[in-house]
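Peer 1: compute the structure for the input listed below.
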Amino acid sequence: MEGNILAGFISSDSNTVYTKTLNKGDIMVFPQGLLHYQYNSAVSPAVALIAFSGPNPGLQITVLALFANNLPSAVVEKVTFLDDAQVMKLKSVLGGTS
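Peer 2: Reported below is the predicted structural model:
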(Lines give C-alpha, C1' and ligand atoms only; values in the text may rest on other atoms or scores of the structure.)
Protein backbone atom coordinates (compact mmCIF):
# COMPACT_ATOMS: atom_id res chain seq x y z
CA MET A 1 0.00 0.00 0.00
CA GLU A 2 1.08 3.54 -0.67
CA GLY A 3 -0.49 6.82 0.39
CA ASN A 4 -3.17 7.10 3.05
CA ILE A 5 -6.58 5.44 3.04
CA LEU A 6 -9.27 6.10 5.61
CA ALA A 7 -11.12 2.82 6.14
CA GLY A 8 -13.78 1.60 8.48
CA PHE A 9 -16.88 -0.43 9.11
CA ILE A 10 -20.05 -0.19 11.18
CA SER A 11 -20.91 -2.97 13.63
CA SER A 12 -24.28 -4.68 13.34
CA ASP A 13 -24.99 -4.95 17.06
CA SER A 14 -24.53 -1.35 18.25
CA ASN A 15 -23.89 0.65 15.04
CA THR A 16 -20.44 1.46 16.39
CA VAL A 17 -18.12 2.93 13.77
CA TYR A 18 -14.62 1.50 13.65
CA THR A 19 -12.28 3.65 11.58
CA LYS A 20 -8.56 3.80 10.96
CA THR A 21 -6.20 5.72 8.72
CA LEU A 22 -4.16 3.09 6.91
CA ASN A 23 -0.57 3.83 5.99
CA LYS A 24 2.06 1.79 4.16
CA GLY A 25 2.37 -1.62 5.85
CA ASP A 26 -1.00 -1.43 7.66
CA ILE A 27 -3.74 -4.03 7.32
CA MET A 28 -7.46 -4.00 8.06
CA VAL A 29 -10.00 -6.81 7.87
CA PHE A 30 -13.66 -6.04 7.21
CA PRO A 31 -16.09 -8.53 8.75
CA GLN A 32 -18.11 -10.18 6.01
CA GLY A 33 -21.52 -8.63 5.45
CA LEU A 34 -20.94 -5.40 7.39
CA LEU A 35 -21.29 -1.97 5.84
CA HIS A 36 -17.76 -0.70 5.22
CA TYR A 37 -15.96 2.09 3.43
CA GLN A 38 -12.54 3.19 2.30
CA TYR A 39 -11.31 6.29 0.51
CA ASN A 40 -8.13 8.19 -0.23
CA SER A 41 -7.72 10.61 2.68
CA ALA A 42 -4.67 12.39 1.26
CA VAL A 43 -3.89 14.65 -1.68
CA SER A 44 -1.45 12.21 -3.29
CA PRO A 45 -2.57 8.99 -5.01
CA ALA A 46 -3.18 5.92 -2.85
CA VAL A 47 -2.68 2.29 -3.80
CA ALA A 48 -3.93 -0.70 -1.80
CA LEU A 49 -3.97 -4.48 -2.12
CA ILE A 50 -7.42 -5.97 -1.60
CA ALA A 51 -8.35 -9.64 -1.10
CA PHE A 52 -11.78 -11.25 -0.94
CA SER A 53 -13.00 -14.48 0.62
CA GLY A 54 -14.05 -15.99 -2.69
CA PRO A 55 -13.78 -15.58 -6.46
CA ASN A 56 -17.11 -13.69 -6.71
CA PRO A 57 -17.62 -11.64 -3.53
CA GLY A 58 -20.29 -9.45 -5.12
CA LEU A 59 -20.85 -5.76 -4.65
CA GLN A 60 -23.90 -3.93 -3.43
CA ILE A 61 -23.95 -0.15 -3.22
CA THR A 62 -26.42 0.76 -0.48
CA VAL A 63 -27.85 3.91 -2.03
CA LEU A 64 -28.45 2.14 -5.35
CA ALA A 65 -29.94 -0.89 -3.62
CA LEU A 66 -32.52 1.34 -1.93
CA PHE A 67 -33.29 4.00 -4.51
CA ALA A 68 -32.40 2.78 -8.04
CA ASN A 69 -35.10 0.16 -8.40
CA ASN A 70 -38.85 -0.43 -8.18
CA LEU A 71 -38.96 -1.16 -4.42
CA PRO A 72 -42.13 0.63 -3.30
CA SER A 73 -41.43 4.06 -1.84
CA ALA A 74 -43.55 3.21 1.21
CA VAL A 75 -41.15 0.38 2.04
CA VAL A 76 -38.08 2.58 1.54
CA GLU A 77 -39.64 5.22 3.80
CA LYS A 78 -40.15 2.68 6.59
CA VAL A 79 -36.60 1.29 6.48
CA THR A 80 -34.80 4.64 6.03
CA PHE A 81 -36.98 6.97 8.14
CA LEU A 82 -37.12 9.37 5.17
CA ASP A 83 -40.35 11.06 4.13
CA ASP A 84 -42.03 10.52 0.77
CA ALA A 85 -40.61 13.69 -0.81
CA GLN A 86 -37.04 12.74 0.10
CA VAL A 87 -37.46 9.17 -1.17
CA MET A 88 -39.03 10.33 -4.44
CA LYS A 89 -36.24 12.87 -4.99
CA LEU A 90 -33.54 10.23 -4.48
CA LYS A 91 -35.38 7.75 -6.70
CA SER A 92 -35.70 10.34 -9.47
CA VAL A 93 -31.98 11.18 -9.32
CA LEU A 94 -30.86 7.53 -9.21
CA GLY A 95 -33.31 6.08 -11.73
CA GLY A 96 -35.77 4.31 -9.44
CA THR A 97 -39.52 4.22 -9.74
CA SER A 98 -42.20 4.60 -7.10
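Peer 1: select the longest helix from the chain.
Peer 2: helix 84-94 (DSSP state H).
Peer 1: helices or strands up against that one?
Peer 2: Counting contacts by 3 or more Cβ pairs under 8 Å, 6 or more residues apart in numbering; DSSP states H and E, helix 84-94 packs against helix 62-67, helix 73-80. Where you see a C-beta, it was placed from the backbone N, CA and C, and this is true even at glycine.
Peer 1: contacting residues around that helix?
Peer 2: 63-64, 66-68, 73, 76-77, 80, 82, 96-98 (Cβ atoms under 8 Å, 6 or more residues apart in numbering).
Peer 1: so which of those residues is the closest to Leu35?
Peer 2: Checking these against Leu35 with Cβ to Cβ, the nearest one is Val63 at 11.5 Å.
Peer 1: what about that closest one, neighbour count?
Peer 2: If you count neighbours by other Cβ atoms under 10 Å, Val63 ends up with 10.
Peer 1: again, but for Pro45
Peer 2: Count around Pro45 with other Cβ under 10 Å applied: 8.
Peer 1: that one against Gly3, yeah?
Peer 2: Yes. Shown here, Pro45 and Gly3 form a contact pair, counting by Cβ atoms under 8 Å, at 5.8 Å.
Peer 1: returning to what we had before: export the contacts of helix 84-94 as CSV, with columns for distance to Gly33 and pLDDT.
Peer 2: Putting the contacts of helix 84-94 into CSV (distance: Cβ to Cβ, whole Å; pLDDT from 0 to 100) gives the following:
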residue, distance to Gly33, pLDDT
Val63, 18, 89
Leu64, 18, 88
Leu66, 17, 88
Phe67, 21, 91
Ala68, 21, 92
Ser73, 26, 93
Val76, 21, 93
Glu77, 24, 94
Thr80, 19, 91
Leu82, 24, 95
Gly96, 24, 90
Thr97, 28, 87
Ser98, 29, 78
